[in-house]
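Undergrad: What follows is a predicted structure for the sequence shown.
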Amino acid sequence: MSDDLSKCALSDELLTTNDFLGGRLRIRQPRDGYRAGVDPVLLAASVPARAGDSVLDLGCGVGVAGLCLASRVEGLTLSGLELQPDYAELARRNARANGIAMDVVTGDLTAMPERLRQRQFTHVLVNPPYFDRNVSTSALDAGRETALGEVTPLAAWVKAAARRTAPKGTVTFIHRIERMPDLLAELSRHVGSLEVLPLIPRRGRSARLILIRGRKGGRAPFRLHDGWVLHAGAEHTGDGENYTDATACVLRQGQHLPFQP
């Protein structure tokens, strides 16, 4: 970890404060490093958690997905694992600032820290790096590159998530549509009852992202849900966000996605 990256993540003048869930969460994140957008919010909204459940946000970054889920569902036992120490520290600070208990562990999922290796969780949620750097360009910022560039193989993410999932528990990924075959192949080795929700930018467009979930020990047949349309209209015509009303309810009011068992 370079001194520059640590300074970037922890110096207040190099951070921004951003509202999530319509201001219910206020999140500090690097101004120039990896910045969380709507993907972790959508991931959190898809997890079928209930009060009393335990949740692991695997590769939690600054904590957005786990904190969004805990904001929607009270009474969770929330943990996170993050490779980059500065981002892990921001996740701890964000949890404290928002009054949410979150045990954030700094470590590598391929060498699972003892504090997590001895536990299993009702739900594991994962927003892994999207881009295979064998066929894409690396980001200049080190923190952003670690968050976006796939160094740890996707199979390792799946294996780690499945191992931390309790029997009958769920593991949920958000990823790019082109990785769906890989995800289905790897998840089917470890969990069952696989289901996919395509995320479609606009009606009539192809999906770019997917949510994919499996259940530990599940035996239900594979299910492909109708695609969820994110934006209203055929094209973006102004500076506003123009999300569909249903998507705005998810992003601004903390409603769940209809991707429930």
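TA: Cool, got the structure.
Undergrad: use CA for all of it now, contacts and neighbours both
TA: Noted.
Undergrad: is the nearest residue to residue 31 once chain neighbours are set aside in a bridge, and if so with what?
TA: Excluding its sequence neighbours, the residue lying closest to residue 31 (C-alpha to C-alpha, 6 or more residues apart in numbering) is residue 15, at 4.9 Å. Note on residue 15: beta-bridge partners residue 30, judged by DSSP bridges.
Undergrad: Quick check: residue 15 touching residue 30?
TA: Yes. Using C-alpha atoms under 8 Å, residue 15 is in contact with residue 30, at 4.5 Å.
Undergrad: So if I had to pick from the two, which one is more boxed in?
TA: Between residue 15 and residue 30, counted using other C-alpha atoms under 10 Å, the more crowded position is residue 30 (26 against 19).
Undergrad: Now do the contacts for residue 171.
TA: For residue 171, the contacting residues are 123, 124, 125, 126, 161, 162, 165, 213, 214, 215, 216, taking C-alpha atoms under 8 Å, 6 or more residues apart in numbering as the criterion.
Undergrad: Repeat the analysis, applying 6 Å as the threshold.
TA: Contacts for residue 171 were tallied using C-alpha atoms under 6 Å, 6 or more residues apart in numbering; they are 123, 124, 125, 213, 214.
Undergrad: Just checking: what are the partner strands of the helix or strand harbouring it?
TA: In this structure, residue 171 is located in strand 165-176 according to DSSP states H and E. Within its sheet, strand 165-176 is paired with strand 121-126 (parallel), strand 209-215 (antiparallel), according to DSSP bridges.
Undergrad: Tell me which of these sits nearest to residue 223.
TA: strand 209-215 (9.9 Å; C-alpha to C-alpha).
Undergrad: same for the helix or strand following that closest one, what does it pack against?
TA: Sequence-wise, the next helix or strand downstream of strand 209-215 (DSSP H and E) is strand 223-224. Using 3 or more C-alpha pairs under 6 Å, 6 or more residues apart in numbering; DSSP states H and E as the contact criterion, the neighbours of strand 223-224 among helices and strands are strand 192-202.
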